[in-house]
Structures are given as structure tokens and as C-alpha cells.
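Colleague: Pasting the sequence and the predicted model now:
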Amino acid sequence: MSESRRIFSLELFPPQTPEGAEKLRAARAQMALLRPKFFSVTFGAGGSTRERTLETVLEVQREGHNAAPHLSCIGSTRESIRNILEQYRAHGIRQLVALRGDLPSGMARPGTFRYANELVEFIRAETGDWFHIEVAAYPECHPQAKSPRDDLLAFKRKLAAGANSAITQYFYNFEAYESFIDRCRAIGIEAPIVPGIMPIASYSSLARFSDNCGAEIPRWIRRALESYGDDSASIREFGLEVVGRLCEKLLAAGAPGLHFYTLNQVALTRTLWQRLGLRGCEKIPSLPSGNVGRRV
């Protein structure tokens, strides 16, 4: 697949403080030089960041970029989702990421919508074809799925409900994505499935995220990261090499793009972008000379 047809996108989360908002604006100005297809903006557990998600999405849009807000089932009602959809339509937002979401601590019931396919179906019933809808996919299986087969069928239901394409949970095993795509095609799923990419900045943070979401860190990567201890520079360089090789393999195998989980930080994604030679890399300023043009 040619690069011009591939979708390269970046994920942000809504800042919690004015200082965080300023830092994100500065980081986003650098990210914009990469010319991503869109910025997705997360939606906190139980809709806890609803207003901040909207504010961030509208800022992104005012800056002239495509924004794709997340919507979560958990803690939502038909009326609350209807109101959010009306706001996004009124502001010309044309893309959404529809997710089940995580149940916040202390919340006993998920809300009106139990699963993401129900949310997708509702969005389509309310808005027709106004929105391009992304959903989540899990190459290594959703941690709460009864079996890989059940997880695959749940994914198929989201697409049958009206989703256009999918973004995966991050992973570090290329074979997991390759096998997942093969299993999808075998049951008639032809929608684009973009790999989610998590740059590695800190072993402790990565381990915590992965334990929470069920993403596997291969043993050889864990052991290597553990061996670096507090040597953050070595951790980052090792992470760039590992993730860079993964991205190259995915693109060579025909992946329809890459979606980077930036954690609101630009440096690692920017370096990966340049090492991969993606569009916009010629405009990236102020990279250390040792990284310029380097490919993994």
C-alpha cells in the first residue's frame, strides 16, 4: 500500500490543568509538523473527561487539524450520548472512536450501553453516515474475553453495527497482528485495521499500562528493559529500535497505517516518524544529530 493511502494518526488525552493545556499546545504544534491524518482525543472512564475532551477536540479543530473524539459506553445514557453527538455535529466533527471503556472504581453498572457494538448502532441510528466510526481491536485478545473466538466475533459485531475501521490496542509481537488479520479475513472482515503503536519511554510506566490493558510485553523486552535500571537514555534508545523495527515490519506487511499513543509527548513519536521516513519528517526541527535520517 502506498504511503499516500495509509493513515498515520496520533492520540492525545485531555490535560487536567491549565499548565498541562499549555504543554499540550506546544507539543501539538510539533506533532502537527508530522501531518497526521487526525488527532484522536481520549474520553475518561465513565465520561469523566467529557468537557475537557470537547475543549481539546475544538482546539485541535481550530488549529486546522482533523479531530476524532473518543466516546465510551461506560456511564453513558442515550440522552448523554445524543447530546454529545449533537455538539460534535454542530462543530463539524466527522470522525469518532467508539469504545466500551473501563468501569471506574466504585461504579456497579456500566450504563445504558453494555458493549461498543450497541454504541455504534445507536450512533448510526441517530446520525446516519455523518460520522466515520473507528472501533477498537485486540490482536492479543481483550483481557475480559472468554476466548479468542468470542473476542473476534465481538469485533465483527462492532463492524456489522456500522463501524468503518479499527485501531488496535498496542502490541510488540508482530505475529499477533499478522495472525489477527488472517483470522479476521477468514470470517469475512475486510475493514481497515490500523496497528496501535506505543513508544517506550519508561519500563515502569509501560508495565503498569500493559498490566491494566492486557497488552503483552514479550519476556525478552521485559528483561532488557529491567537490565537498564534507571538509565533512561538506554531505555529510550532500546525502545526506539524495538518499536521502529515493529513499525517497519507492519508497513512492509501492508498495514493500512499506524496510530501512535503519544501520551501527550512528542519526542519519541517524532523520532520514530523520522526514522521511518514518513510524510512530514523533512519538516521536523531540532532533532539530535545522531538521530537524523537514522533508520532501524
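Modeller: Right, received. Where do you want to start?

Colleague: Okay, now the unreliable bits of the stretch 101-250 of the chain?
Modeller: Across the stretch 101-250 of the chain, the stretches falling below the confidence threshold (pLDDT under 70) are 102-111.

Colleague: Show me where it has its helices.
Modeller: Ranges of helices in the stretch 101-250 of the chain, per DSSP state H, counting those that start in this stretch, are 116-127, 148-160, 174-186, 203-213, 219-227, 232-252.

Colleague: Give the other helices and strands that the second one contacts.
Modeller: The reference is to helix 148-160. helix 116-127, strand 132-137, strand 165-170, helix 174-186 (3 or more Cβ pairs under 8 Å, 6 or more residues apart in numbering; DSSP states H and E). Where you see a C-beta, it was placed from the backbone N, CA and C, and this is true even at glycine.

Colleague: and if you look at the fifth one?
Modeller: Here helix 219-227 is seen to pack against helix 203-213, helix 232-252 when contacts are counted using 3+ Cβ pairs under 8 Å, 6+ apart.

Colleague: Run the angle between the first one and helix 232-252 for me.
Modeller: Here helix 203-213 points in a direction 50 degrees away from that of helix 232-252 (axes from the mean of the first three to the mean of the last three Cα atoms, to 10 degrees).

Colleague: helices or strands next to helix 203-213 in the packing?
Modeller: Using 3+ Cβ pairs under 8 Å, 6+ apart, helix 203-213 sits against helix 219-227.

Colleague: now do 10 Å
Modeller: Counting contacts by 3 or more Cβ pairs under 10 Å, 6 or more residues apart in numbering; DSSP states H and E, helix 203-213 is packed against strand 165-170, helix 219-227, helix 232-252.

Colleague: Gly20 is in what secondary structure piece?
Modeller: Using DSSP states H and E, the element containing Gly20 is helix 18-32.

Colleague: and Ala68, which of the three is it?
Modeller: Of the three states, Ala68 takes strand under DSSP: H, G, I helix; E, B strand; the rest coil.

Colleague: Of the helices and strands packed on helix 148-160, which stretch is the most buried?
Modeller: strand 132-137 (a mean of 24; mean count of other Cβ atoms under 10 Å).

Colleague: quick revisit: tell me the most buried of the helices and strands packed on helix 203-213?
Modeller: strand 165-170 (a mean of 22).

Colleague: Give me the angle between that strand and strand 132-137.
Modeller: 30 degrees.

Colleague: Please renumber the chain so that the first residue is 25 from this point on.
Modeller: All set: I'll call the first residue 25, so the last point we hit is now strand 189-194.

Colleague: what packs against strand 189-194?
Modeller: strand 31-36, strand 119-123, strand 156-161, helix 172-184, helix 198-210, strand 217-221, helix 227-237, strand 281-285.

Colleague: ok, it: who's next to it in the sheet?
Modeller: strand 156-161 (parallel), strand 217-221 (parallel) (DSSP bridges).

Colleague: so how far is the last one from its chain's centroid?
Modeller: Using Cα atoms, centre = their mean, to the nearest Å, the distance from the centre of strand 217-221 to the centre of the chain it belongs to is 7 Å.

Colleague: just the first one next, same as before
Modeller: Distance of strand 156-161 from its chain centroid, counting by Cα atoms, centre = their mean, is 10 Å.

Colleague: next one: stretch 203-211
Modeller: 21 Å.

Colleague: Stretch 78-87 now?
Modeller: 18 Å.

Colleague: Please name the residues that touch His115.
Modeller: 78, 81-82, 85-86, 91 (Cβ atoms under 10 Å, 6 or more residues apart in numbering).

Colleague: just checking, which of those belong to strands?
Modeller: Ala91 (DSSP state E).

Colleague: any chance of the contacts of His115 in TSV, plus pLDDT and distance to Asp255?
Modeller: As requested, these are exported to TSV (pLDDT from 0 to 100; distance: Cβ to Cβ, whole Å):
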residue	pLDDT	distance to Asp255
Leu78	89	40
Val81	94	38
Leu82	93	41
Gln85	93	40
Arg86	93	41
Ala91	96	37
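
Colleague: Any chance of a PyMOL selection covering the buried ones in the contacts of His115?
Modeller: Only the buried entries of the contacts of His115 go into this PyMOL selection, using 16 or more other Cβ atoms under 10 Å:
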select buried, resi 78+81+82+85+91
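
Colleague: Please flag which of the contacts of His115 sit within helices.
Modeller: 78, 81-82, 85-86 (DSSP state H).

Colleague: Gln111: which of those residues is nearest?
Modeller: For those, the closest approach to Gln111 (Cβ to Cβ) belongs to Leu78, at 6.5 Å.

Colleague: Please tell me I have it right and that closest one contacts Glu110.
Modeller: No - if you go by Cβ atoms under 10 Å, Leu78 and Glu110 don't touch, sitting 11.7 Å apart.
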